[in-house]
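> Sequence and predicted structure are below.
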Amino acid sequence: MKLFDVYPLFDVNIVKGKGCHVWDDQGNEYLDLYGGHAVISIGHAHPHYVKAISEQVGTLGFYSNSVINKLQQELADRLGELSGYDDYQLFLINSGAEANENALKLASFYNGRKRVLSVCKAFHGRTSLAVEVTNNPSIVAPINDNGHVTFIPMNDIDAFKSELMKGDVCAVIVEGIQGVGGIQVPDKQFLQTLSKLCSDTDTVLILDEIQSGYGRSGKFFAHQYAGIRPDIITVAKGIGNGFPMGAVLISPKFWPTYGQLGTTFGGNHLACAAAIAVLEVMKEEHLVENAREVGSFLIDKLQTLQQQYSEKIKEVRGCGLMIGIEFKEPIKELRKKLLFEKHIFTGVSGSNVIRLLPPLCLSEDEANCFLTEFKSLL
């Protein structure tokens, strides 16, 4: 049987990882500034994480959500404490797309409306509702194109206000920082005004923090720079450090009803053990603070390089360890050289933006290593 071929693949077989480094089956070592697409939050093969999931799977890996699982409440307590959302409710599922599916469904149950406002260049997943609010027609199948979504440019608060004042909008969904869209950071004032408009019109504000959350921006959630509290927050990726997991943080104004939401695998014992270990390491090793400090250092150095090589680099933007380097020309060959000549993994947004999403434990020395090799290619 062949694999269903949906991804273009680099000819590299990664077999081992530790911290911010990975090794292929030929023994070559790479600096990982991609983090498996922002998934690796505390670093590869962290000893505490490995111990926690090994012990859990040796005891009980799974039982259904028809019985009490005390690990779920422990995870909720720790997440509430570290994120500052201890008064919210937690619904555990398996992925980011599933988190957004449930967030949109919950919003529609809440106010009985159907229409959604999303942001141009948004990416929220590939499943039914998630892909409908994703601004990429090439991945929206006809069955998903139901006419429920209006896309509005980021930071265009007048356009959002015009639509919201019609009174028929179920939800607004926006990323804390756009990832696939090219590392676009919403203005603080835009988010603040949007939050008030949603409150005034009884519209549910959903913050998709799947890529930008869990400390990546230098705060636990990127939207916290704007000082707002959304109605719903969706998370995944870094929550499990590689173990498939997602979650929805739900404000106290929502009341659960049996049967509206559900999941088979969500919040299972092994997933919760992984997620608890992640939060323990984040707190013990001050990884949110590290993301802010090393990220600021890296962005500052990259912006200096942009000034020196302005004929090639258009802009450097981002927050914490979520950084976009936009070039004036396609960067396909540059990424290949970074990988195969310099042994550095990076991500991409579109054809012109290099995307850096390293583990939150990235050190200043490792950042300097990247800067040296990156400059040599410029």
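Here it is on my side, so go on.

> contacts, neighbours, all on C-alpha from now
Fine.

> hey, where'd the strands end up in the stretch 51-200 of the chain?
Under the criterion DSSP state E, counting those that start in this stretch, the stretch 51-200 of the chain contains strands at 89-93, 115-119, 149-152, 169-175.

> Return the most buried member of the ones you listed.
Of these, the one with the most neighbours on average (mean count of other C-alpha atoms under 10 Å) is strand 169-175, at a mean of 26.

> That strand to strand 115-119, inter-axis angle?
Per axes from the mean of the first three to the mean of the last three C-alpha atoms, to 10 degrees, the angle that strand 169-175 makes with strand 115-119 is 20 degrees.

> tell me the average confidence for strand 169-175?
Per-residue pLDDT over strand 169-175 has a mean of 98.

> do the same with stretch 7-18
pLDDT averaged over stretch 7-18 gives 94.

> End to end on that stretch, go ahead and measure it.
This stretch, stretch 7-18, spans 25 Å end to end (C-alpha to C-alpha, to the nearest Å).

> If you count neighbours, what's buried in it?
Using 16 or more other C-alpha atoms under 10 Å as the test for burial, stretch 7-18 gives residue 17.

> One more: stretch 95-105?
Judged by neighbour count (16+ other C-alpha under 10 Å), stretch 95-105 contains these buried residues: 95, 96, 97, 98, 99, 100, 101, 102, 103, 104, 105.

> And those, which is closest to residue 233?
residue 103 (8.0 Å; C-alpha to C-alpha).

> Please determine how far residue 333 is located from residue 369.
Applying C-alpha to C-alpha, the value for residue 333 to residue 369 is 20 Å.

> the more surrounded of those two?
residue 369 (13 against 9; other C-alpha atoms under 10 Å).

> Now the more buried one: which helix or strand?
helix 364-377 (DSSP states H and E).

> what packs against that helix?
Applying 3 or more C-alpha pairs under 8 Å, 6 or more residues apart in numbering; DSSP states H and E, one finds that helix 364-377 contacts helix 287-308, helix 332-340.

> List the residues that contact residue 343.
Applying C-alpha atoms under 8 Å, 6 or more residues apart in numbering to residue 343 gives the contacts 29, 30, 31.

> so can I have CSV of these showing neighbour count and pLDDT?
What follows is those, written out as CSV (neighbours: other C-alpha atoms under 10 Å; pLDDT from 0 to 100):
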residue, neighbour count, pLDDT
29, 17, 98
30, 20, 98
31, 25, 98
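
> So which of the residues you listed is the closest to residue 252?
Lowest distance from residue 252 to these (C-alpha to C-alpha) belongs to residue 31, with 42.1 Å.

> Walk me through which strands the helix or strand containing that closest one pairs with, and which way each runs.
Per DSSP H and E, residue 31 falls inside strand 29-32. Strand 29-32 pairs in its sheet with strand 21-24 (antiparallel), strand 344-345 (parallel), by DSSP bridges.

> what does the last one contact?
Residues outside strand 344-345 that contact it (C-alpha under 8 Å, 6+ apart): 30, 31, 32, 33, 34, 338, 339, 370.

> same for the helix or strand that that strand is followed by, what does it pack against?
Per DSSP H and E, the first helix or strand lying C-terminal to strand 344-345 is strand 347-349. Applying 3+ C-alpha pairs under 8 Å, 6+ apart, one finds that strand 347-349 makes contact with strand 353-356.

> Return the alpha-carbon coordinates of the strand it packs on using PDB.
C-alpha atoms of strand 353-356 as PDB (Å, rounded to 0.1, in the frame of the first residue of the first chain):
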ATOM      1  CA  VAL A 353       8.600  34.100   4.100                       C
ATOM      2  CA  ILE A 354      11.000  32.000   6.200                       C
ATOM      3  CA  ARG A 355       9.200  31.100   9.400                       C
ATOM      4  CA  LEU A 356      11.100  30.400  12.600                       C
END
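
> neighbouring contacts of it?
Strand 353-356 has contacts (C-alpha under 8 Å, 6+ apart) with 33-34, 182-183, 321-327, 330-331, 335, 346-349.

> residue ranges of the helices in the stretch 51-200 of the chain, please?
70-83, 96-111, 128-132, 157-164, 188-200 (DSSP state H, counting those that start in this stretch).

> Any chance of these in CSV with mean pLDDT and distance to residue 273 as columns?
Shown next, in CSV, are those (pLDDT from 0 to 100; distance: least, C-alpha to C-alpha, whole Å):
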stretch, mean pLDDT, distance to residue 273
helix 70-83, 98, 7
helix 96-111, 98, 19
helix 128-132, 97, 27
helix 157-164, 98, 41
helix 188-200, 98, 34
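
> Report the secondary structure state of the closest residue in space to residue 325 that isn't next to it in sequence.
Spatial nearest neighbour of residue 325, excluding adjacent residues (C-alpha to C-alpha, 6 or more residues apart in numbering): residue 316 at 4.6 Å. The assignment at residue 316 comes out as strand when based on DSSP: H, G, I helix; E, B strand; the rest coil.

> Also the one 10 residues further on?
Assigned with three-state DSSP, residue 326 falls in the strand class.

> From one end of stretch 34-41 to the other, what's the distance?
One end of stretch 34-41 to the other measures 11 Å (C-alpha to C-alpha).

> now swap in stretch 262-271 and tell me
One end of stretch 262-271 to the other measures 16 Å (C-alpha to C-alpha).

> Tell me how far residue 30 lies from residue 294.
19 Å.

> How about residue 277?
For residue 277, the distance to residue 294 (C-alpha to C-alpha) stands at 23 Å.

> Looking at those two, which has the bigger crowd around it?
The neighbour comparison of residue 277 against residue 294 (other C-alpha under 10 Å) goes to residue 277, with 25 against 22.

> I'd assumed residue 54 was in contact with that one.
No: counting by C-alpha atoms under 8 Å, residue 277 sits too far from residue 54 to count as a contact (11.4 Å).

> and the nearest residue to residue 204 once chain neighbours are set aside, what does it touch?
Closest residue in space to residue 204, ignoring its immediate chain neighbours: residue 171 at 4.5 Å, by C-alpha to C-alpha, 6+ apart. Going by C-alpha under 8 Å, 6+ apart, residue 171 touches 104, 107, 108, 115, 116, 117, 203, 204, 205, 206.
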